[in-house]
Structures are given as C-alpha cells and as structure tokens.
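Engineer: structure, please.
(2 chains)
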There are 2 protein chains.
Amino acid sequence: VRVGILGAGQLAQMLTEAGTRLGMSHVLLAPEHDACAASCGVFVHGDYDDPHALSRFSEHADVATFEFENVPTHAVEWLEDRIPVRPSAEVLRIAQDRLREKETFRRLGIPVPRFEAINTLLELQHHAEAVGLPAVLKTRTLGYDGKGQAIVRDTRAESLQRAWRAIGGTPAILEELVPFDRELSVIGTQSPDGEQVFYSLNENVHREGILRLTMARATDPQREIAEEYARRLLVEFGYVGTLALELFEVEGGLLANEMAPRVHNSGHWTIEGAETSQFENHMRAVCGLPLGGTLQHRAAAMVNLIGTLPAVHDVLAIPDAHLHVYGKAERPGRKVGHITLIDHANNSVEFNTRVARALELAGEDAAAYALTLRESQRGA
Amino acid sequence: VRVGILGAGQLAQMLTEAGTRLGMSHVLLAPEHDACAASCGVFVHGDYDDPHALSRFSEHADVATFEFENVPTHAVEWLEDRIPVRPSAEVLRIAQDRLREKETFRRLGIPVPRFEAINTLLELQHHAEAVGLPAVLKTRTLGYDGKGQAIVRDTRAESLQRAWRAIGGTPAILEELVPFDRELSVIGTQSPDGEQVFYSLNENVHREGILRLTMARATDPQREIAEEYARRLLVEFGYVGTLALELFEVEGGLLANEMAPRVHNSGHWTIEGAETSQFENHMRAVCGLPLGGTLQHRAAAMVNLIGTLPAVHDVLAIPDAHLHVYGKAERPGRKVGHITLIDHANNSVEFNTRVARALELAGEDAAAYALTLRESQRGA
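Structural biologist: All right, here's what the predicted structure looks like:
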C-alpha cells in the first residue's frame, strides 16, 4: 500500500518508520526544503494547496493522511475526490475552527471551559463579564502571524480594544482562563470498521506553550472518563486514524481544551512504552488493518528536546533512556528530538530521578517538575 | 557520527533504523543493485573490494562496521588503515575460517564437537574414524559455489572420495555430526571500554539450513554458561559491537557451533522484546556510547518469513504480532520478513497458540514445532 502523508516533520518520520515495517511505501508533501522526513519516501516539494504538487502526490498514493492539522481543507477536499483521506476533511475543518470544535464538544456532552463566539469588538464588550475574567481571546482559525491569542484581564474599553487589535480583529472565541490542576491528553485510534483502542492517559507539562514532559498514567482516576470523551468524538466523526484530545483537570473534573486529528507529541512514549505505538496504529487504521494492543507494562515518561540537543553520550548514560533525534537543524523553540524513559526496574523513586536527569539535559529546571514527578505512579 | 556499513540487507536496515534515532547518518556499500537498505543512507554500489567504491565509502564514514561476515578481509584491512572498523578485521578473519574459529573456541575452553583439519583426501581417510561417523566435511572458508559441505557416513574409499570431490578438494574440517537436543544462540555486545551486556538465550529451530523460529528464553538453565562462553570471545578479541555464538545442547552440555561477528537473525525479537535492541546496542558500541539494558519483560518469539510474505491483514490479526517486512522481492529461500510475538497477556498457553498461528502463516507445519512451543516458558 502506498500511503501519502501531508507534512514531512518528525511525526511523518515516525509514521513512515512504522509503515515501512509493515511493508507500506510512502509519499510526502511539504513546503519546507529541508523537511526531516523528506528522505522517508517519495518527496514532493510544494505548498499544500499547489495543484501541481497535490496532483503528483495523489498519483503516488493509494490513501492519504496528514501529520499536521493546518493543511488547507480545500486541498484535502480536492484529494478526497481522488483517493481516501483518513481522517477526513470534515474532521479537519472542525479541528481548524476553535468555535466549531468547542460547539462539537458541547453537543457531545464533553464539558468545556465557558466560551463565547466573538465577531466584533462590541460582542467582546458584551460577553466579557459572562465568560469571566481573566479570559483568553483566540482567533477561530490559526493566527498565521503569531497574533492568534490575547489575554483579557479586565473590562476597560482600552483593554478590550488592545486585545481585539492584538488578534487582528478577526472572528474569535473568548474563553475563560481555567485554573487547572493538571493538563491531560488521551489518545485513541479507530479503524474503518469501528474497532477502537486507547492508550494510557497522559499527564503533560507545558512551558512557554511548548510540551516539555509527558508522564503516561496507566491507572489514572481520570482515564476512564477521558476515554469516554475521546470515544464520542471517534464515533461522531466515523473517525479513521489516531486522535488526541487535550483536557484540563479542574477541581476533580475534566474540561476539553482541543483535539488534534493526528498522532500527538504526548504519545511519543508509546513507541517503546506500549505494545503497539500510536504511529503504527494510525497507519494500520489508515490502511484498514486490524489494530494492535495498547497495553503499557512499565511506567513511561517523555521529555522533549527543544532548540538544541544534549550530548548523545549523556542521554544514553541514563539507564532506561531511549533517544530520538529528528535530524532537524537546531533553532530556538523547535522540537529537535525527545527522550523516552521506561521504568524497566519497576522502581518509581529511581525512575523519577532519571526523568529529572533527562529534564536537566533538556535544559529544564527539574525542580519545577517535582510535583508532577512525585505523583508518578506505576504503569502496569 | 557517520557510520559506514558493509552490506545493505535487512540487518543493515535495522541497524540504520536504530542509528538514525540516535542522530547518526549512514553510508552503505553493497554489490546488489536492489539492496533493501540502499535508501537508508548514502548508497555506494560496488563490490566489497572495489577500491573506488571502498574509497568513496570511507570518505563518507567516521567509523565502519559490517552486517555480514563474508566481506573480503583485505577490504576491511584497507579500511582499517583509514577509519576504525568495529568489530575488527582480525575477528572477521577468524570467523571466516572454520578451522581457526574452532581452534579459538577450544583454546578458550569453549567445548566444541570433535573435529580435524583436512587438507588432503589422505588426511580425510586417516581422521574419519577418530572424528566419528556420521560427520560433516566443511570447507574452511565459505564455499561460494554451494559446494561447501558434504556428509560422510562411512569410511569406504568411494564415500570419502565423493565427499572430498563434493567440497572441491579444498582445505576443510571434518566435524562430528552432533545429535543435539536443542540449537541455542547467545547474543552479547561489548563497548570499546569493555562494558558488556547479554540478551536472553535463544532457542532456535532451523529447517533446510534456514532459521525458522526463535524462542527467547530469559530463564533458560543454559543461559549462564552460554553467556560465559560468549564473554570469553568478547574479551579475547577486545571485541566491539554485537556478537552471536551458536551452540548445540547435547545431553545437558553445550558445544559451540560457530560465531557470527555481527547482529544476528536470532536476536530480531530484541526490537520489541528487550529494553534496547541488539541493533541499537551494536550501533552504540560502534560509536563508543554507553550500552542500553537488555532485560526481557515478556516471553518473546520470532518467526522468519521465507520466500513469500503472508497477507499483512492475517499477521496483524494475531494479537501481539509485530510484522517486519524487508522490502525485498520474493524468492524461494530468501528472508523477506519476520514476525515478532510478545506475550503481553502473560499467558503462555495462548501465546504458544499465537506462535503456532504465525508459523502457519509463514508456511510452516506448526505441528513440527510442538515440542519447542510446549517447552516455552515465561520471559520475565
């Protein structure tokens, strides 16, 4: 089977690694010249909606998927007229629009933070009190210029105007800033015939908007309900492939933040830590193959390497450390690799020390993660 | 680090997969046009001792290794004058010569079947009784024309002449045919500073000279002594990389058959079944990096796919099955893939049923493997 992937970053790299083992071949389309997965198959260089590039791409693929949710939907629709695209353009359209996404969650009974649609400065003034402050004003679709979000702290006309200008005055949603206790994500895969599998719940820590640490929590008390929410989404969309749902834990309850219709950074630990990785299950689903088990036998953690790589020797000197280097040029804020740690010795104290060491090598202040590490629990 | 690999088959493929994750880049040299690992790095097409090809290869590599022990030693020596080669040409010379190999085993106190060096038909006549019949006459070095071995069943002049002619009348060894109870292999890795790791003992079943099934035996009673023999070889050679030692179990004792100075087919299960695979540890050793743990948590088995591939859907319908397709054209007797099975449910009865199913998909008569499967034991 020839699988086409829109995007050619590290997610595509890990998808093709899984696909190659299963005998699939790959074609990748991306606008970057130096995309790190360019050598993982036939590489078509071009914008996602370049008709010539899309046409070449579709000629090399029996089925298509994407590693990245900001592909223009009209490009995916064009593809859908020619080959199956999994998941579908419909899912992509919803995931790209924060308002439709939140409305979908609400319709499916998945709790969300308070929010209001905002189309004008007047509406912003009108709804700010009801949503509750502080709140965050977000463009409905991706802000391509980094102006996608602004915090609203008070209802003074000046503050509201500043926020409205900051996001470019485009259709937006205003959402309460949730004082969460934990950030969680649940990852599941559905096949074309409705078979579903879910991975252990992920507890995630972000800094500066970038995921830094994931702890896989096999026995987390929130796992069941998070899975139930993800299940509703998979069923609703007749979803095919791997989906991630990001959640906030607030006073013992869960609120949905957003979904990613693709494999997810918080699921990288599944390569070594689960029976079958999120990448392999995505490729299995996309190709209509039976899904693999998702059991997690040992505690697992993932530390992202952002901007620069530590010395390989130092990483491998940590027992249980698995290093993944993406082969991308180092650049501030860029994900250039990750470290997965598996608690092979079933010793959570030692394991936490090792995760802390990995965080240090990643340039993080490990002390800032003490709470997350202390609460670590056995995986199996 | 740029790692050069002589050979570009499935072993090179799995080596580069491990190396790429660690941030290594690769150059491969092989005489085949359609080598399955050709796309896993810079590919230099040429004979192993083509000076032009070797020169290009060495320019792209900081260190070199090989996936295959029949590389001409003079080519490896030429390389050694330019870049480190791990393991060394010295090891290769011994592994390529059945007489020196057996003599090395004996010198290190590693028991071997009875054998004698045979340089003439007269010597064959002279030694046949002492070695004991039936015996196998093997050329000292690889028989390139498939005339490498002949069975000697009796001492009639005619029989001995026929065997001598069959191997081309070249220097040989005559070795007793051992009535073994089991075929075993032990795989270990040594780093340049002498760090050593060993994997669970492998119980192997061959048919028509081709490995069909490996069961990884974490708690096998022979594991300790097999490891001790492998350790002596690693120390003797100042070995760097992964080494496999094949053994016969005969009446409760072990006899060494041969060594492979490389990653080994019986260690493929380590990709999913051990903390760190034999491939990653080989690459770590070759690059002077700390070695990774080798613990096996669950029972593991590997079934080779020879000649043709079963339907991917059928393989993945087996719970716990991990499929590896090498991307080689199907051809009788050719290794085109393998299936690894991990007993995630810790249920040895079910597990054996699944291994039997994988054997069936591989075209084997599963009943013929009943004894090996019945003796299966837990991995952890």
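Engineer: between the two ends of stretch A:283-294, how far is it?
Structural biologist: End-to-end distance for stretch A:283-294, by C-alpha to C-alpha, to the nearest Å: 14 Å.
Engineer: pull the distance from it to the chain's centre.
Structural biologist: 19 Å (C-alpha atoms, centre = their mean, to the nearest Å).
Engineer: go on, stretch A:5-23?
Structural biologist: Distance, centroid of stretch A:5-23 to centroid of chain: 16 Å (C-alpha atoms, centre = their mean).
Engineer: who in chain A is up against chain B?
Structural biologist: Selection of chain A residues close to chain B by C-beta under 8 Å from any C-beta of the partner chain yields A:17, A:20-23, A:39, A:275-276, A:284, A:289-290, A:292-293, A:295, A:297-298, A:309, A:312-313, A:316-317, A:319-325, A:327, A:337, A:342, A:344. Bear in mind the C-beta positions are built from the backbone N, C-alpha and C, glycine included.
Engineer: which of the residues you listed fall within helices?
Structural biologist: Among the residues of chain A next to chain B, the members found in helices (DSSP state H) are A:17, A:20-21, A:284, A:312-313, A:316.
Engineer: dump the residues you listed to a markdown table, plus neighbour count.
Structural biologist: Converted to a markdown table, these look like this (neighbours: other C-beta atoms under 10 Å in any protein chain shown):
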| residue | neighbour count |
| --- | --- |
| A:17 | 20 |
| A:20 | 22 |
| A:21 | 21 |
| A:284 | 27 |
| A:312 | 19 |
| A:313 | 12 |
| A:316 | 21 |
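Engineer: which two in those residues are spaced the farthest apart?
Structural biologist: A:284 and A:313 (35.6 Å; C-beta to C-beta).
Engineer: now flag whichever of the ones in helices among the residues of chain A next to chain B is closest to residue B:174.
Structural biologist: residue A:21 (42.9 Å).
Engineer: mind checking pLDDT for that closest one?
Structural biologist: Note on residue A:21: pLDDT of 97.
Engineer: can you pull the contacts of it?
Structural biologist: For residue A:21, the contact set (C-beta atoms under 8 Å, 6 or more residues apart in numbering or on different chains) comprises A:280, B:322-325.
Engineer: tell me the one of those residues nearest residue A:125?
Structural biologist: residue A:280 (50.1 Å).
Engineer: where's the spatially closest residue to that closest one that is not a sequence neighbour relative to chain B, distance?
Structural biologist: Distances taken as C-beta to C-beta, 6 or more residues apart in numbering or on different chains place residue A:18 nearest to residue A:280, at 3.9 Å, with adjacent residues excluded. With the distance defined as C-beta to the nearest C-beta, to the nearest Å, residue A:18 ends up 10 Å from chain B.
Engineer: what kind of secondary structure is residue A:105 in?
Structural biologist: Under DSSP: H, G, I helix; E, B strand; the rest coil, the three-state class of residue A:105 is helix.
Engineer: how many residues are close by it?
Structural biologist: Residue A:105 sits with 23 neighbouring residues when counted by other C-beta atoms under 10 Å in any protein chain shown.
Engineer: residue ranges with poor pLDDT in the stretch 51-200 of chain A?
Structural biologist: Within the stretch 51-200 of chain A, the stretches with pLDDT under 70 are A:143-147.
Engineer: hmm, try it at 50
Structural biologist: For the stretch 51-200 of chain A, the stretches with pLDDT under 50 are A:145.
Engineer: for it, which residue gets nearest to chain B?
Structural biologist: Residue nearest to chain B within the stretch 51-200 of chain A (C-beta to the nearest C-beta): residue A:191, separated by 10.6 Å.
Engineer: against chain B, how distant is the residue nearest to that residue when sequence neighbours are not counted?
Structural biologist: Distances taken as C-beta to C-beta, 6+ apart place residue A:285 nearest to residue A:191, at 4.6 Å, with adjacent residues excluded. From residue A:285 across to chain B, the span is 11 Å (C-beta to the nearest C-beta).
Engineer: quick one, grab the pLDDT at residue A:285.
Structural biologist: 98.
Engineer: residues in contact with the residue of the stretch 51-200 of chain A closest to chain B?
Structural biologist: A:240, A:284-285, A:288-291.
Engineer: farthest pair in the residues you listed?
Structural biologist: For the contacts of residue A:191, the maximum inter-member distance is 13.6 Å, found between A:240 and A:290 (C-beta to C-beta).
Engineer: which one of those two has more residues nearby?
Structural biologist: A side-by-side neighbour count of residue A:240 and residue A:290, using other C-beta under 10 Å, places residue A:240 first with 26 against 19.
Engineer: give the contact list for the more buried one.
Structural biologist: Contacts of residue A:240 by C-beta under 8 Å, 6+ apart are A:86-88, A:190-192, A:285-286.
Engineer: please redo it, this time with the cut-off set to 10 Å
Structural biologist: A:63, A:65, A:84-88, A:91, A:189-194, A:234, A:282, A:285-288 (C-beta atoms under 10 Å, 6 or more residues apart in numbering or on different chains).
Engineer: now do residue A:212
Structural biologist: Residue A:212 neighbours (C-beta under 10 Å, 6+ apart): A:204-206, A:302-306, A:359, A:362-364, A:368-369, A:372.
Engineer: tell me which of those is nearest to chain B?
Structural biologist: residue A:305 (10.5 Å).
Engineer: can you give me the neighbour number for the residue nearest to that closest one when sequence neighbours are not counted?
Structural biologist: Distance criterion C-beta to C-beta, 6+ apart; nearest residue to residue A:305, sequence neighbours excluded, is residue A:337 at 4.0 Å. Per other C-beta under 10 Å, the neighbour tally for residue A:337 reads 25.
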